[in-house]
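J.: pasting the sequence and the predicted model now:
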Amino acid sequence: MPTLRSQAYVFDARPHYPLLISVKRYWVPEFESKDADAATLVLTHATSFHKELWEPVLEELYDRVAGASVINSPVPKVRDAWAIDCPNHGESAVLNEETLLSGYTPIFSWMEYARAIHLILNGFGKGIDVDFRSRNLVGVGHSMGASAIILTRTIYPFVSWSSAILVEPMFLHPKFLEATWKFLLEGAAKRRDVWSSREEADKLFRERSFKSWDPRVIDLYVKYGLRELPTSAYPDQTRGVTLKCTKIQEYATYIETHGCLSSQRFLSTFCKDVPSHVVFGAIADFNPAENQGFIKEVAGDGFQTTSIVENAGHLVVQNNPAGMAKVIWNLLSSAPVVRSKL
């Protein structure tokens, strides 16, 4: 198994953008292609999660690269992968703890995630000395992260994606919209968010909350999704751990529907400009067949391909990293380099 390396960055666009953005670069040195057409993956996450949960997918992807290399099979060129935290999630939430207290509740716009990605990829700030504008950018977005990638194309100068892989995009047929959003908001409001230790949290996650998750993803959630007390949300609690993305911020992110609906309205235009692929989990928890059909209809038949990941529901990245990696591998292996239209 090749060793996946990582390097953490903090992107700072202040004073023009008030929120800091936590980013990680991932690569495997022996498989790092410097060719101009090599893919740079840009990974975005779903609401209430964080960038590190993509690591098992990347491990599985590079295992495929290594296996193909051994038998001299064709290997898609990959330079590296960049995973970006939404500014109120993961380590970004810790960096922005005080700033988020003013102006980012009770609503946190999905557009903030799009702005963060746009700033990084256009180099409008400091902290990452990479010219992404010269890269062959492949966006891989999960749920809210898919909307964020779509919305980057509503901000000028446009991000020149070579392709986009939209994983379980959070677009809902009107008949499902109210009930699903109510379920998500109630879940966020009632979520337990304090544990006596990481060990207690880990045990409960495996036994109850996240039984369908890949064990590696649970490890990463415990390691990177939790933080020690006290925090601004719990200033009087000095022992135990809590969520980096607070219940308040998760609720604020779910209650904001404008970004979701805006990206849904823009989807067909995005697909005309950027070669786009959609990925669904085989378990129809949030995306029953009728809703999948609705998403394809909204796209205006704009998806290049539709992929189904077995043994996964809406949380494809958490449920089946190997299946998600197989989809990315197949798409990278078959896709020509085509820059999105300006």
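T.: Looks like it arrived, so ask away.

J.: distance-wise, check Gly145 relative to Tyr62.
T.: 21 Å (Cβ to Cβ, to the nearest Å). C-beta here means a position set from N, CA and C on the backbone, and glycine is covered the same way.

J.: name the SS class of Asp35, please.
T.: coil (DSSP: H, G, I helix; E, B strand; the rest coil).

J.: without its sequence neighbours, what residue ends up closest to the residue nearest the centre of the chain?
T.: For the chain, His45 is the residue whose C-alpha lies nearest the centre (Cα atoms, centre = their mean; 1.8 Å). The shortest distance from His45 to any non-neighbouring residue, by Cβ to Cβ, 6 or more residues apart in numbering, is to Gly145 (5.0 Å).

J.: what's the answer for Ala81, then?
T.: Using Cβ to Cβ, 6+ apart, the closest residue to Ala81 is Leu41 (3.9 Å).

J.: between Gly145 and Tyr62, which is the more surrounded one?
T.: When neighbours are counted by other Cβ atoms under 10 Å, Gly145 and Tyr62 differ, and Gly145 comes out ahead with 34 against 23.

J.: could you pull up the mean pLDDT of stretch 299-308?
T.: In this model, stretch 299-308 carries a mean pLDDT of 95.

J.: tell me which residues of it come out buried.
T.: Ala299, Gly302, Phe303, Ser307 (16 or more other Cβ atoms under 10 Å).

J.: give me the residues contacting the one helix or strand Glu200 maps to.
T.: Using DSSP states H and E, Glu200 maps to helix 198-204. Identification of contacts with helix 198-204 by Cβ atoms under 8 Å, 6 or more residues apart in numbering yields Trp195, Ile218, Val222, Leu226, Val241.

J.: do that again at 6 Å, thanks
T.: By Cβ atoms under 6 Å, 6 or more residues apart in numbering, the surrounding residues in contact with helix 198-204 are Trp195, Val222, Val241.

J.: which stretches of the stretch 201-342 of the chain form helices?
T.: 215-224, 247-255, 258-273, 289-298, 316-319, 321-334 (DSSP state H, counting those that start in this stretch).

J.: much appreciated, bye for now.
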